[in-house]
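Asks: test case, fold it:
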Amino acid sequence: MSLAGGAASIPTVPILGGAVAGLVLAAIPALLTLANLPRFRRAPPSGQAPAGGVEGGVANGPAVSVLVPARNEAAAIGRLCRDVLASEGVRLELVVLDDSSDDGTGEIVRALAATDPRVRLVAGRPLPPGWCGKQHACWQLAEAAQYDTWVFCDVDVEPSRDAIARSAALLEESGAALVSGFPRQETRAVLDWLLLPLIHFVLLGYLPLARARATNAPGMAAGCGQWFVTRRADYRRAGGHEAIRASLHDGVKLPRAYRRAGLVTDIFDGGDMLSCRMYDSSLAVWRGLSKNATEGIGGPATILPFTLLLGGGHVLPAVLVAAGLFTGFAGWPAGAAVIAVSSLVVSYLPRVATVLRFRQSVTSAVLHPVAVATFLAIQWTALARKVLGVQTSWRGRRLAPQ
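Replies: Okay, here's the model as predicted:
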């Protein structure tokens with residue numbers, strides 16, 4: 001069949017098949033997101049967290065060690081320390097490991113420790129062969145922790161005053177050995193504005209939370225390395241960060257280590273008490289998402305299925321509708337235009353839901369197909385670099401291809 005105006009002949013079957021495939025692939029995350037949103041719970045509100053107060057000048061409540069790995073974090077470490085020390089409803093210690101910083105990070109923490117006995121600075125040991133810097137730092141922090149309940153926190157996280165108490169309460173309430181909170185992502189560059197909202201889209205659109213909680217299979221584990229809460233005994237049983245010492249992706253790998261040890265892990269929505277600003281430029285976003293991509297979606301075993309799922313369900317519908325609008329849908333088989341437009345509408349449903357739930361940018365969501373295509377380009381680029389043996393650096397360290 002020919003297009004109107006004498007345009008070249010187009011095959012009608014692939015158009016119809018593509019439209020149907022796009023609709024099916026778009027429906028999967030749409031349905032999962034709607035099912036997952038009620039299950040992606042928040043930590044108990046402050047009134048339900050263990051009561052805190054002050055006795056004799058010392059806060060009472062659950063005792064928590066807040067463990068922070070820091071390498072060249074002078075711009076943010078003071079703010080994080082002040083946020084943590086302002087926490088309510090807990091007895092806490094703040095242990096910061098200075099991982100060979102050369103920007104004054106250690107001096108900032110040392111000055112705080114001189115005025116507040118709850119703060120301790122640990123000097124990081126040299127990085128051994130076979131270890132990732134963050135995993136080695138967290139392993140040393142675990143050795144230094146005084147209390148038995150731990151929060152591993154990245155420097156770029158901004159916790160509310162009740163975040164630690166509520167996280168400790170959720171750990172107890174859930175019965176899990178490890179829980180991980182997903183902060184609200186603050187953006188300042190074009191690429192993080194475009195791409196970081198995909199964190200919730202991919203998490204809730206492709207991980208069936210009900211099944212993930214019903215089974216302890218490592219492949220169903222998920223987490224966010226920015227905020228982990230656990231106990232000393234469970235951490236030791238799972239092997240802790242030593243079990244994932246070569247990994248760059250603790251958000252996925254640490255929960256899997258727990259599950260391999262027979263322990264339960266869970267995730268929660270931390271957006272009402274945690275925020276995070278990870279990057280300050282689009283280049284940093286690309287490099288940051290690339291460095292551990294091949295341990296997740298960009299891995300050799302996962303990149304083709306996810307390219308099919310993401311590309312077929314969220315890029316293909318936009319391409320088909322754009323092509324149809326350009327040609328006036330001339331020469332399209334009966335019903336194909338309706339199916340293609342329907343697939344595009346359905347592909348946007350998860351983004352609309354996450355915009356409403358997590359207060360994400362509406363204009364970023366409008367560019368959803370562009371975001372997914374860019375995200376996939378990062379995954380494929382990371383895999384190509386791995387295959388070619390190309391090394392990258394992060395925070396001044398060379399990273400082996402993962």
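Asks: what about the residue found closest to E173 once you drop the neighbours it is linked to in the chain, which SS state?
Replies: Take E173 and drop its neighbours on the chain: the residue closest to it by Cβ to Cβ, 6 or more residues apart in numbering is P44, 6.4 Å away. Where you see a C-beta, it was placed from the backbone N, CA and C, and this is true even at glycine. Counting by DSSP: H, G, I helix; E, B strand; the rest coil, the backbone at P44 sits in coil.
Asks: contact partners for P44?
Replies: 166, 169-170, 173 (Cβ atoms under 8 Å, 6 or more residues apart in numbering).
Asks: filter those residues to the buried ones?
Replies: Buried members of those, scored by 16 or more other Cβ atoms under 10 Å, are 166, 169-170.
Asks: and which of those residues is nearest to G61?
Replies: Using Cβ to Cβ, A169 comes nearest to G61 of the buried ones among the contacts of P44, at 9.8 Å.
Asks: where's that closest one relative to D148, distance?
Replies: 15 Å (Cβ to Cβ, to the nearest Å).
Asks: so A70 makes contact with V155?
Replies: Yes - A70 sits in contact with V155 when judged by Cβ atoms under 8 Å, with a separation of 5.4 Å.
Asks: what do these two both touch?
Replies: With Cβ under 8 Å, 6+ apart, A70 and V155 have common neighbours I77.
Asks: those two - which one has more neighbours?
Replies: Legend: neighbour count by other Cβ atoms under 10 Å for A70 and V155, higher for A70 (25 against 21).
Asks: helices or strands up against the helix or strand containing A142?
Replies: For A142, the element it lies in under DSSP states H and E is helix 133-144. For helix 133-144, the elements it packs on are strand 63-70, strand 91-98, strand 119-123, strand 149-153, helix 250-260, judged by 3 or more Cβ pairs under 8 Å, 6 or more residues apart in numbering; DSSP states H and E.
Asks: please repeat the previous calculation with a cut-off of 10 Å.
Replies: strand 63-70, strand 91-98, strand 119-123, strand 149-153, helix 232-238, helix 250-260 (3 or more Cβ pairs under 10 Å, 6 or more residues apart in numbering; DSSP states H and E).
Asks: tilt between the longest one and helix 133-144?
Replies: Meaning helix 250-260. Calculated by axes from the mean of the first three to the mean of the last three Cα atoms, to 10 degrees, helix 250-260 forms an angle of 50 degrees with helix 133-144.
Asks: helices and strands around the following helix or strand past helix 250-260, which ones?
Replies: Of the helices and strands lying after helix 250-260 in sequence (DSSP H and E), the nearest is strand 265-269. Here strand 265-269 touches helix 163-174, strand 178-182, helix 198-206, helix 209-214, strand 227-231, helix 250-260, going by 3+ Cβ pairs under 10 Å, 6+ apart.
Asks: about what we covered before: and P38, which of the helices and strands packed on helix 133-144 is closest to it?
Replies: helix 250-260 (21.5 Å).
Asks: buried residues, the closest one. List them.
Replies: Neighbour-count burial for helix 250-260 [16+ other Cβ under 10 Å]: 250-259.
Asks: what mean pLDDT does that helix have?
Replies: Taken as a whole, helix 250-260 has an average pLDDT of 97.
Asks: surely V64 is in contact with E172?
Replies: No - V64 is beyond contact range of E172, at 11.7 Å (criterion: Cβ atoms under 10 Å).
Asks: tell me the contacts of D272?
Replies: 42-43, 45, 160, 162-163, 166, 183-184, 358-359 (Cβ atoms under 10 Å, 6 or more residues apart in numbering).
Asks: quick check on the residues you listed: which are buried?
Replies: Among the contacts of D272, those buried by neighbour count (16+ other Cβ under 10 Å) are 43, 160, 162-163, 166, 183-184, 358.
Asks: which of those residues sit farthest apart?
Replies: D162 and F358 (19.2 Å).
Asks: the spatially closest residue to P255 that is not a sequence neighbour and A70, how far apart?
Replies: Leaving aside its sequence neighbours, P255 sits nearest to A221 (Cβ to Cβ, 6+ apart; 3.7 Å). Note on A221: its distance to A70, by Cβ to Cβ, is 26 Å.
Asks: got the contact list for the closest residue to I164 other than its chain neighbours?
Replies: Spatial nearest neighbour of I164, excluding adjacent residues (Cβ to Cβ, 6+ apart): S87 at 4.7 Å. Residues in contact with S87 (Cβ under 10 Å, 6+ apart) are 52, 59, 61, 64, 66, 94, 118, 151, 159-165.
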